[in-house]
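Enquirer: Have a look at this prediction, sequence included:
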Amino acid sequence: MPEIPPERFKPYTPNVHAVVRLEEALPPEHPVHVFVDLVRSIDLGHFVVPSGPKGEKPYHPHALFGLLAWGSLHGVRSSRKLARLARQEATFVYLAGGGAPPYRTLARCRRDNAAAFTTVFQETVVLALRLGLARLGHVALDGTKLRANTSKHKAMSYGWMQRREGQLKAEIARLVAQAAAQDAAEDQEYGVDSDGYSVDEELARREARLAKIEALRARLEAEQRTEQGLTDEQPPVIEDTEQRSFADGDARMMLLKRGDYGYAYNAQAAVDEASGVIVAADLTNVAPDEGHLPALVTQVRTLRATTGRDDATPTTVSADAGYFSHDNATEDGDGIDRLIAAGRDDPAARTTADAPRFTIEAFGYDPTADAWVCPAGTRLRRQVTPSGARGRPTTRRYQADPSDCQACPLRARCLTPAETYRVLVARRGHAAGAMRFKLRQPAARRRYARRKVIVEPVFGQLKEDRGFTMLSLRGLVLASAEYLLACLAHNLGKLLRVCPLPVARPATVVAV
Ligand code: SF4
């Protein structure tokens, strides 16, 4: 167990009488005993825990972290509720060591240690791998949107920011011009000390509003300049409909469930098939999933390297069509076997009259045979123009056997009336075609079919069981920390299953 100098903090188990009472309340087989052991095994030497307002010793990091993690595991994220439970509920009192930290201390601990939760999350994953709970055989990726702690009504579009700024500036100028005359008239009507209508108040309100809008617009422009690679002097191109929230400037408008739009973050998770442990997690304000795959795969690669897995036992990483891109499909190999759906449905299954003609997206590419495979399963072989033949030589022309096309039930979807066999000129798209071909093989299909049942129950546990549908902290850094705390608590919950119960509990606690 990592050493934390005991003299720096309030003792972890300060009240022997409370602990003895808890021994009666908490039977030896209660999982909280294992949880305490797990929490104590985590290195929290880098945690920042402030002293009390009167210079009292700070609470022990393991006590505060234990409360936050146990609370998250049981759907309690409010620091006020946690502080109350730390005085009233046996498991929370036990985790707090009887210390009963106030809610401000818990809230500050969560905010001040936002960066530390990443390290602790990784520790829980490595522990799960070392104990053989997680195996990195098959890891399924998915993302879910978590509502940000703001509302649509606390936001403004870029176009409206510019119009409103103009309006407010005009109103401020008018009020300034009227101020002296109106103040004099109001002094006469209400008296000098009257709290009636005041131009100064109106002016202050408008100036404060204008400052807020200007700050939000400047922030939006700075973000877009960085995105568009412009200098500080160059004006960025921003659509009038682009909007930002005053309450949480990092949150973005995203599609939530059932066509409902709202301010949210995109929470990503890679879940281990064997255990349901979240092995990689990330939270961003980028709505499409596609760009998140490289970072999650990098986390999985790091774990493989940390635990000494070689390329002979690859990790299958499966992801739905939202993650499909040419680059994501290309970077297969090096111990990672990617299975990314290249489309949402099988093109051959669409038989309606308005179904489009098969394009290259309907064909898979078999790299070992250098052949494209059509929806009917026929191979289109590469046709190399013989040397000396007339016309421009083509090296990317693939052709089906006319006898296969003649009897094909899908020919109406594949051939024009003038064609008797299909020719495909494929200059690019081989990586995407190879991924499609791979996913059409029965073994890969079976593995891919597991994706949903691996990752979706984990989001179900986080959102439905623990009520984690909305973030309570604002800003990308704090929102990420909140999500990682939920993920590491989930992992600790999984670890409870495999860690042995301690042999002797509170009876051996040393009174301080
Ligand atoms: S027409 Fe030929 S290439 Fe097209 S789907 Fe049928 S067999 Fe395949």
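Expert: Sure, I can see it. Only a predicted model underlies this, so the values are computations on that prediction, with no experimental measurement involved.
Enquirer: CA only for contacts and neighbour counts going forward, please
Expert: Noted.
Enquirer: any idea which element the residue positioned nearest the centre of the chain lies in?
Expert: The structure's the chain has its C-alpha centroid closest to Ala267; by Cα atoms, centre = their mean the separation is 1.9 Å. Per DSSP states H and E, Ala267 falls inside strand 261-272.
Enquirer: So which bits of the protein are right by the ligand?
Expert: 374-376, 378, 400, 404-405, 408, 410-411, 414-415, 421-422 (Cα under 6 Å from any ligand atom).
Enquirer: quick one, what contacts Ala481?
Expert: Counting by Cα atoms under 8 Å, 6 or more residues apart in numbering, Ala481 touches 110, 114-115, 117-118.
Enquirer: May I see the buried residues of stretch 437-444?
Expert: 437-440 (16 or more other Cα atoms under 10 Å).
Enquirer: Pick the one among these closest to Arg309.
Expert: Looking at the buried residues of stretch 437-444 and their distance to Arg309, the nearest is Lys438, at 23.7 Å (Cα to Cα).
Enquirer: Doesn't that closest one lie inside a strand?
Expert: No: under DSSP: H, G, I helix; E, B strand; the rest coil, Lys438 sits outside any strand and is assigned helix.
Enquirer: what about it, distance to Leu339?
Expert: Lys438 is 8 Å from Leu339, where distance means Cα to Cα, to the nearest Å.
Enquirer: Next, show the common contact partners of those two.
Expert: Common neighbours of Lys438 and Leu339, counting by Cα under 8 Å, 6+ apart, are Ala444.
Enquirer: just the strands in this structure please.
Expert: 138-147, 155-157, 243-245, 252-255, 261-272, 278-284, 315-319, 336-340, 364-366, 371-373, 379-383, 397-399, 423-425 (DSSP state E).
Enquirer: Relative to His326, which of these is closest?
Expert: For His326, the closest of these is strand 336-340, at 10.6 Å, according to Cα to Cα.
Enquirer: Mind listing what's buried along stretch 160-169?
Expert: 161, 164-165, 168.
Enquirer: again but with stretch 128-140, I slipped
Expert: Taking 16+ other Cα under 10 Å as the criterion, stretch 128-140 shows 128-129, 133-136, 138-140 as buried.
Enquirer: Pipe these into a markdown table and attach pLDDT per row.
Expert: Shown next, in a markdown table, are these (pLDDT from 0 to 100):
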| residue | pLDDT |
| --- | --- |
| Ala128 | 93 |
| Leu129 | 92 |
| Leu133 | 91 |
| Ala134 | 90 |
| Arg135 | 91 |
| Leu136 | 92 |
| His138 | 95 |
| Val139 | 96 |
| Ala140 | 96 |
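Enquirer: From those, pick the one nearest the ligand.
Expert: Ala140 (31.8 Å; Cα to the nearest ligand atom).
Enquirer: how is this structure carved up into domains?
Expert: 6-113, 134-151+252-349+431-483, 153-245, 364-425 (automatic domain parsing).
Enquirer: quick one on the thing from earlier: nearest to Ser151, of the residues of the chain next to the ligand?
Expert: Nearest to Ser151 among the residues of the chain next to the ligand: Pro375, at 46.6 Å, using Cα to Cα.
Enquirer: Surely that closest one touches Glu361?
Expert: No: Pro375 is not in contact with Glu361 according to Cα atoms under 8 Å; the separation is 10.1 Å.
Enquirer: who's more crowded, those two?
Expert: Shown here are Pro375 and Glu361; by other Cα atoms under 10 Å, Pro375 has more neighbours (18 against 14).
Enquirer: And the residue of the chain most remote from its centre, how far from the ligand?
Expert: Distance from the C-alpha centroid of the chain peaks at Gln188, with 61.1 Å (Cα atoms, centre = their mean). Plainly put, Gln188 is 91 Å away from the ligand if you go by Cα to the nearest ligand atom, to the nearest Å.
Enquirer: can you check Arg147 too?
Expert: Relative to the ligand, Arg147 is positioned 45 Å away (Cα to the nearest ligand atom).
Enquirer: What is the neighbour count of that residue?
Expert: Residues within reach of Arg147, counting by other Cα under 10 Å, total 23.
Enquirer: Need the pLDDT of it.
Expert: Turning to Arg147, the model gives it a pLDDT of 93.
Enquirer: what do you get for Pro347?
Expert: So, for Pro347, pLDDT stands at 58.
Enquirer: Number of residues surrounding Arg425?
Expert: Wrong residue type there; residue 425 is Val, not Arg. By other Cα under 10 Å, neighbour count at Val425 equals 14.
Enquirer: Skipping its backbone neighbours, what lies nearest it in space?
Expert: Excluding its sequence neighbours, the residue lying closest to Val425 (Cα to Cα, 6 or more residues apart in numbering) is Arg397, at 4.6 Å.
Enquirer: In contact with the one you found, which residues are there?
Expert: By Cα under 8 Å, 6+ apart, Arg397 lies in contact with 382-384, 423-426.
Enquirer: Kindly recompute the last result at 6 Å.
Expert: Applying Cα atoms under 6 Å, 6 or more residues apart in numbering, we find Arg397 in contact with 382-383, 424-425.
Enquirer: Report the lowest-confidence entry in those.
Expert: Within the contacts of Arg397, pLDDT reaches its minimum at Gln383, with 83.
Enquirer: Okay, it and the ligand: tell me how far apart.
Expert: To the ligand, Gln383 is 15 Å away according to Cα to the nearest ligand atom.
Enquirer: residues near that residue, how many?
Expert: Using other Cα under 10 Å, Gln383 has 15 neighbouring residues.
Enquirer: repeat for Leu67
Expert: Residues lying near Leu67 (other Cα under 10 Å) number 28.
Enquirer: Just the pLDDT for Pro506.
Expert: The model reports Pro506 with a pLDDT of 45.
Enquirer: Would you indicate which residues of stretch 283-299 are buried?
Expert: 283-287, 289-293, 296-297, 299.
Enquirer: so where's the stretch 251-400 of the chain uncertain?
Expert: Judged by pLDDT under 70, the stretch 251-400 of the chain has its weakly predicted residues at 331-333, 344-355, 385-395.
Enquirer: picking that back up, now render the buried residues of stretch 128-140 as JSON lines, adding distance to Ile172.
Expert: As requested, the buried residues of stretch 128-140 are arranged in JSON lines below (distance: Cα to Cα, whole Å):
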{"residue": "Ala128", "distance to Ile172": "61"}
{"residue": "Leu129", "distance to Ile172": "63"}
{"residue": "Leu133", "distance to Ile172": "65"}
{"residue": "Ala134", "distance to Ile172": "63"}
{"residue": "Arg135", "distance to Ile172": "65"}
{"residue": "Leu136", "distance to Ile172": "62"}
{"residue": "His138", "distance to Ile172": "62"}
{"residue": "Val139", "distance to Ile172": "58"}
{"residue": "Ala140", "distance to Ile172": "56"}
